[in-house]
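Enquirer: coords please:
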Amino acid sequence: MEESTLLQLLAQEQRKVTDSFAFAATHKADHQALIGLLNSLAGDGLLELSPRQTNLLELTEEGQKVLVEGSPEARVFAAIPAEGGSTQEELVAGLGKDCVKIGMGPLMKAKAIRREGEKFTRVLPQYPDEAQAVLRRVEAEGGREGRLEGVNEDVIKTLRKRQLVAQVGRESGLEGGRVTRKSFSIIKGPHFALQRTKKAADLTKEMLDSGDWKTTTFKDYNFQTLGAPVQGGYFHPLLKVRAQFRQILMSMGFQEMPTNKWVESSFWNFDALFQPQSHPARDAHDTFFVKEPKECLTVPPEYYERVKTIHEDGGYGSIGYGCAFQKEEAFKNLLRTHTTAVSARMLYKLANQPGGFTPQKYFSIDRVFRNESMDATHLCEFHQVEGLVADRNLTLGDLIGTIRTFFELIGITDLKFKPAYNPYTEPSMEIFGYHPDLKKWTEIGNSGMFRPEMLRPMGLPEDVRVIAWGLSLERPTMIKY
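Expert: Residues are numbered from 1 along each chain as shown. The predicted model follows:
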């Protein structure tokens, strides 16, 4: 309906329009479109609207059955022959016990049938099915305010008592609410006119220059209205997943390691982990080396000598690497390539603490840096999640069990382990998780048991084993979000 047409129709109304739904039906207009137009006109003061809500009747499941088959009383009446009548057993055999039980009451009350000995006979020649007729009207047009025009209110109450109709159903798509029809009553507003005048929203420089502001109609200002609520900041997806991982690891009894040293020496990043100084990962094309300061100041001297010896000559059942261990290479500063450098520092501290070794669980989640070409699966800066357990006589089974517990808590239950090689763990395993959406196994982490060549120079007892695993924070975050 056009705005001008609506205003002309409303101008012809002597009194208020009580129901916009009925108004729309009378003028063959879409009610929802009409509501939008009414709200717009009310905003400019041409109309005043009052919301109203109309409750409607709907058929119950039993009512739907009566609509198709007829009411029990009508069926019972039809089953009784005009001559001779029928026994109750005959009626039950033909209609069922429930139908006969329900139908007998209304028929006897209306004196449509009577009992003669063992048989029921007709008193009236016909019995109109009033219940079915009313239900047909409910189905066709609904019931306004729980009523139907021209139908006795007692009939509606009886149908509701018999649970054939109800005012329960759905509202706004939710089951269990009322069946309602929302509309408005309409009266003419203080600024009603047959044509809406567009009001200016702002006072402009051009209006001031020309003087048009004197004759221009402006929109009313609402000085009480509030502005749009200020939205607070949102956590980055990485921070959300990091917080989740921290909570899970701490619930498993792990302590967080201090990881605020992004610049690390090659000694702690590589040498202490029994990674040879000739390893390709130590080349400039894989690692970010620091130009200034180029070298660290010091490392624990006795520990340095033990690490140097294990690299050059071996020990603890190992033959070492048989290469000349260079101090200049060990003292180079770099951006740490993994948080395992922090793990090495913590294990050394644990081995040399007052009172000797005590079992511990550690974890860390922080940034690491690799000199990588960035693509869809590689970053030069990312976050590493690492966990380790140091205790006596740990086995590979303990490592697998701990990993399974962790990944099950983050929602990955289908795991596989594949043998792998790492310079500082033996045995080593890659961790694969099944991705139900991609329908394939995806590598999600690495793990292993730290080698004796790494642990014994630190001063840890011979029977102490350290199991560890690591994964990136970005990959599970990408999968989740």
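Enquirer: now do the same contact list for Asp398.
Expert: By Cβ atoms under 8 Å, 6 or more residues apart in numbering, the residues touching Asp398 are Val389, Ile467. Where C-beta positions appear, they are placed from N, C-alpha and C, glycine not excepted.
Enquirer: redo that, cut-off 10 Å
Expert: Contacts for Asp398 (Cβ atoms under 10 Å, 6 or more residues apart in numbering) come out as Val389, Asp391, Met449, Arg465, Ile467.
Enquirer: what do you get for Ser265?
Expert: 271-272, 290, 295-299, 330-334, 336, 341.
Enquirer: cool, Leu297 as well?
Expert: Neighbouring residues of Leu297 by Cβ under 10 Å, 6+ apart: Ser265, Phe331, Asn333.
Enquirer: bridged to the first one, which residues?
Expert: Following DSSP bridges, Ser265 is listed with bridge partners Asn333.
Enquirer: now do it against Gln275, distance only.
Expert: Separation of Ser265 from Gln275 (Cβ to Cβ, to the nearest Å) stands at 13 Å.
Enquirer: please enumerate the shared neighbours of these two.
Expert: With Cβ under 10 Å, 6+ apart applied, the contact sets of Ser265 and Gln275 do not overlap.
Enquirer: one step back: buried subset of the contacts of Ser265 as a PyMOL selection?
Expert: Selecting the buried subset of the contacts of Ser265 in PyMOL, with 16 or more other Cβ atoms under 10 Å as the burial test, is done by:
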select buried, resi 271+272+296+299+330+331+332+333+334+336+341
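Enquirer: so which of the contacts of Ser265 sit within helices?
Expert: Among those, the residues falling in helices (DSSP state H) are Ala330, Ala341.
Enquirer: between the contacts of Ser265, which is closest to Glu256?
Expert: Taking Cβ to Cβ as the measure, Glu256 sits nearest to Ala341 out of the contacts of Ser265, at 15.7 Å.
Enquirer: got the contact list for the closest residue to Ala25 other than its chain neighbours?
Expert: In space, Ala25 comes closest to His31 once its chain neighbours are excluded; the distance is 7.7 Å by Cβ to Cβ, 6 or more residues apart in numbering. By Cβ under 10 Å, 6+ apart, the contact list for His31 reads Ser20, Phe21, Ala22, Phe23, Ala24, Ala25, Arg181, Lys182, Ser183.
Enquirer: next one: the first one from Ser4, what distance?
Expert: With distances taken as Cβ to Cβ, Ser20 is found 18 Å from Ser4.
Enquirer: between these two, which has more neighbouring residues?
Expert: Ser20 (21 against 11; other Cβ atoms under 10 Å).
Enquirer: wait, that one sits on Gly36?
Expert: No: using Cβ atoms under 10 Å, Ser20 is not in contact with Gly36, being 11.3 Å away.
Enquirer: tell me the contacts of Asn422?
Expert: For Asn422, the contact set (Cβ under 10 Å, 6+ apart) comprises 273, 275, 340, 428-430, 446-451, 468.
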